[in-house]
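1. Fold the following.
(chains A and B)
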Amino acid sequence: MFVSVPALTAGGLLHGAPAFLALAVPSLAHLSSLDVAIVAIYFVMVIWIGFYLKGQANTSEEFFMAGREMTAWIAGLSFVSANLGSLELMGWAGSAYQYGILAAHWYWVGAIPAMLFLGMVMMPFYYVCKTHSVPGYLKLRYGQGASVVSAFSFAFMTVLMSGVNMFAMAEVMKVVLGWNLNFSIIVSSLAVAAYVALGGLRSAIFNEVLQFMLIWGGALLVPILGLVEAGGWNGFKARLAHNIATGATAPGDYTHMWRSMGHFTDNPMGIHWTGIVFGLGFAISFGYWTTDFLVVQRVLAAHNLRSARMAPVIGSFFKMAVPFIVILPGLLGLVVLQNPDGTLMNLVPQNLATPASGLHSYNEVLPLMMVRYLAPGLLGLGITALIAGFMSGMAGNVSAFSAVWTYDIYQPLIKKDASDEHLVTIGRWATILGVIVSIGTAYLVMNAAGIMDYVQALFSFFISPLLGVVLVGMFWKRATTAGGFWGLLLGTLTSIGLWAWVKADPSALRYVALSPDAKDMAENMYRALWSVIVAILVNVIVSLATKPKSLAELNGLVYGATTLPEEEPVPFYKNEWFWLVVAVLVFLALNIYFW
Amino acid sequence: MHSGHISIWFFIGVLLTIYGAMIFCYGLYELATGQLANVVLANLHAPVWWGGLMLILGLFYGVRFRPGRN
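-> Residues are numbered from 1 along each chain as shown, chains lettered A, B, ... in the order given. Modelled structure (predicted):
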């Protein structure tokens, strides 16, 4: 099926993968003994780290917040790595193959402004109030009601997402390597349960940083060799233009980000620039990067306020670089991937890539590129990077679930006078419970694949309204307890209602996404935007009709009512504002260059 | 990261050193035997220079952040 597959067993040094990993289905790649050894060493390393860190996770502050000892670099890498899962890597590489460089919007305008806003504007309030979680901030700002709604929705969605992640990993390992689904699920979940239950958040963060290095080490070689083969960026564009002119590749503008955003029908994603800027760039991106506890937890673990502010700024540089290992391989796949007979390989949508057809789906472009260029050892490294990405995604979900369950559900609702030692025990059990529920979800999804779409839609229901409530609470002293609660509730119901409306009547898309030509992605963006707007409006209206909190109660929580701690002066190259300006300039330059 | 504790950079150094050494040695084996893996651009000997780079980085981090060193 693929030209370079036999290569992986070349040489007497190397042999096939152990038989217990094999499945009857044809796979994209076959691992050599060297590759299997590299994967195995990774598992040994993560378990070693878990056992080593067990001794540093004795108090709740150590277990759930990693002792708040992380440097800006570690918190920053962990922050960006928690979002760098393998599903995302493979999915966006596939999107780049399908839609071109438009996919990079999710890495640039869909991430950078929000990350910088979190670091420079919101982080001081999260950090100064010493909250353990985002629901914890809501409790301090709005009281128990909004906090409990947020905690339950977050805990529920987090374990479901962890299960979806687990199933997706097993699926990918089956397609790429032919591994058995049960084998992948059991091994990965045992490893994650072990190292998170042992070492807590510190262990999850360590493994995220490790995963980050592995992803770059395992994936960076692909675009480098791809560019060499394509003749550089200009060579790639020339070959792509030739392929489009000869009809070998579907026509479209694959190398510009903004030129085709003037109308929904001008680009293959069916998105208008207002959807990208306000829906993706604000409602979805700010919702995810500033209020999703999964990522915010990493920054809260920083050892001082300056590091907490610097961490997202550091993360933003790496986030801007990720398209080099994700989007670029997808684009290069358009011109370098070949069938065994030497003709240009055309990837197809998932539903057409059946085993009988012999075709590959868009989502397989990254593994295909890996198999094309990576010799034994290097392929093992690339596969290890994918496994590490999946596992750290699961670990991130499970560690965040554990913290929210213990601090925001168990302690306030079940055992108010729990000792610190008891909380750590609950946290460890919550980790194991989270993994067990995740396994259950993985098997649920396995038996009803359609659930996956619903779970991902469900996740979007809660994040954007939360943004509206947190923003109003953080920057408007007048916001009240009732305003926060009703804003969150009605914002969430708006999101669910709009989703159900379009499901029941697809023609409603013209109202929800402002155009009948809008596609799924545009619908998601506008739905998020409407739910933020409703959450903000309801919060403001209800707050104006109810009694505000006193200024003293808002100290450390709200802009204008908080005195931020003075920080020691540092040289300009250690100052977060300097690096903020550099990040903004790089962000603008990238968007202008690929306009 | 924490005095008296092993830094994450040390773990990364150990892993990069092991991986770098394995991949670099495989690259040398390819060079010595002439049995190149059947991958595109195998003539560039990526395992040699990529594995070597990882090995150097790994040794740097492993030594720089070794336990017991301030």
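2. How about residue A:266, nearest residue that isn't a chain neighbour?
-> The spatial neighbour of residue A:266 that comes closest, neighbours along the chain excluded (C-beta to C-beta, 6 or more residues apart in numbering or on different chains), is residue A:260 at 4.5 Å. Using the backbone N, CA and C atoms, a C-beta is placed for each residue, glycine as well.
3. Could you count how many residues lie near that neighbour?
-> 18 (other C-beta atoms under 10 Å in any protein chain shown).
4. pLDDT score assigned to it?
-> Listed pLDDT for residue A:260 reads 83.
5. for residue A:431, same thing?
-> 90.
6. Equivalent analysis for residue A:256, please.
-> 88.
7. same thing with residue B:3?
-> pLDDT for residue B:3: 45.
8. Let me see the ranges of the strands in the stretch 101-250 of chain A.
-> Read by DSSP state E, counting those that start in this stretch, the stretch 101-250 of chain A holds no strands at all.
9. Tell me the residues of it that contact chain B?
-> Residues of the stretch 101-250 of chain A found near chain B (C-beta under 8 Å from any C-beta of the partner chain) are A:205-206, A:209-210, A:213-214, A:217, A:221, A:225, A:228-229.
10. Might you specify the subset of the residues you listed located within helices?
-> A:205-206, A:209-210, A:213-214, A:217, A:221, A:225, A:228-229 (DSSP state H).
11. could you redo those as CSV and give each row distance to residue A:515?
-> Shown next, in CSV, are these (distance: C-beta to C-beta, whole Å):
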residue, distance to residue A:515
A:205, 43
A:206, 46
A:209, 43
A:210, 44
A:213, 43
A:214, 42
A:217, 43
A:221, 42
A:225, 41
A:228, 42
A:229, 40
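12. helix/strand/coil for the residue nearest to residue A:266?
-> Following DSSP: H, G, I helix; E, B strand; the rest coil, the label given to residue A:260 is coil.
13. Look up phi and psi at it.
-> Backbone torsions for residue A:260, taken as degrees, to the nearest 10, come to phi -100, psi 20.
14. Now the buried members of the ones in helices among the residues of the stretch 101-250 of chain A next to chain B.
-> By neighbour count, with 16 or more other C-beta atoms under 10 Å in any protein chain shown, those hold A:205-206, A:209-210, A:213-214, A:217, A:221, A:225, A:229 as buried.
15. Pick out the residue in chain B sitting closest to chain A.
-> Taking C-beta to the nearest C-beta as the measure, chain B has residue B:38 as its residue closest to chain A, at 2.8 Å.
16. number of nearby residues for that residue?
-> There are 15 residues near residue B:38, going by other C-beta under 10 Å.
17. give me the element it is part of.
-> Residue B:38 belongs to no helix or strand when assigned by DSSP states H and E.
18. The one 10 residues further on now?
-> Using DSSP H and E, residue B:48 sits within helix B:46-64.
19. buried sites along that helix?
-> B:46-48, B:50-52, B:54-55, B:57-59, B:61-62.
20. which of those residues come close to chain A?
-> Filtering the buried residues of helix B:46-64 for neighbours of chain A using C-beta under 8 Å from any C-beta leaves B:46-47, B:50-51, B:54.
21. just those residues now: which is nearest residue A:525?
-> For these, the closest approach to residue A:525 (C-beta to C-beta) belongs to residue B:50, at 39.0 Å.
22. That closest one contacts residue A:219, correct?
-> No: Residue B:50 sits out of contact with residue A:219 when judged by C-beta atoms under 8 Å, with a separation of 11.7 Å.
23. follow-up on the earlier one: could you dump the helix holding residue B:48 to CSV, C-alpha only?
-> The C-alpha coordinates for helix B:46-64 follow below in CSV (Å, rounded to 0.1, in the frame of the first residue of the first chain):
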residue,chain,number,x,y,z
ALA,B,46,19.2,11.7,8.6
PRO,B,47,19.7,9.1,11.4
VAL,B,48,23.3,10.1,11.6
TRP,B,49,22.9,13.9,11.9
TRP,B,50,19.5,13.9,13.6
GLY,B,51,20.5,11.2,16.1
GLY,B,52,23.9,12.9,16.6
LEU,B,53,22.1,16.2,17.3
MET,B,54,19.8,14.6,19.8
LEU,B,55,22.8,12.9,21.5
ILE,B,56,24.7,16.2,21.9
LEU,B,57,21.6,18.0,23.2
GLY,B,58,20.9,15.1,25.6
LEU,B,59,24.4,15.0,26.9
PHE,B,60,24.3,18.8,27.4
TYR,B,61,21.0,18.7,29.4
GLY,B,62,22.0,15.5,31.3
VAL,B,63,25.3,17.0,32.5
ARG,B,64,24.0,20.6,33.0
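24. which residues touch it?
-> A:217, A:221, A:225, A:373-378, B:9-10, B:12-28, B:30-31 (C-beta atoms under 8 Å, 6 or more residues apart in numbering or on different chains).
25. Drop the exposed ones from the residues you listed and show what's left.
-> Among those, those classed as buried by 16+ other C-beta under 10 Å are A:217, A:221, A:225, A:373-378, B:9-10, B:12-27, B:30.
26. quick one, what contacts the nearest residue to residue A:118 once chain neighbours are set aside?
-> Spatially, and ignoring its direct neighbours in sequence, residue A:118 is nearest to residue A:290 (4.5 Å; C-beta to C-beta, 6+ apart). Neighbouring residues of residue A:290 by C-beta under 8 Å, 6+ apart: A:114, A:117-118, A:122, A:296, A:467, A:470.
27. try 6 Å
-> Shown in contact with residue A:290 (C-beta atoms under 6 Å, 6 or more residues apart in numbering or on different chains): A:114, A:118, A:122.
28. ditto for residue A:423
-> A:60, A:406.
29. and the helix or strand hosting it, how far from the chain's centre?
-> Applying DSSP H and E as the criterion places residue A:423 in helix A:420-447. Its chain's C-alpha centre and that of helix A:420-447 lie 20 Å apart, by C-alpha atoms, centre = their mean, to the nearest Å.
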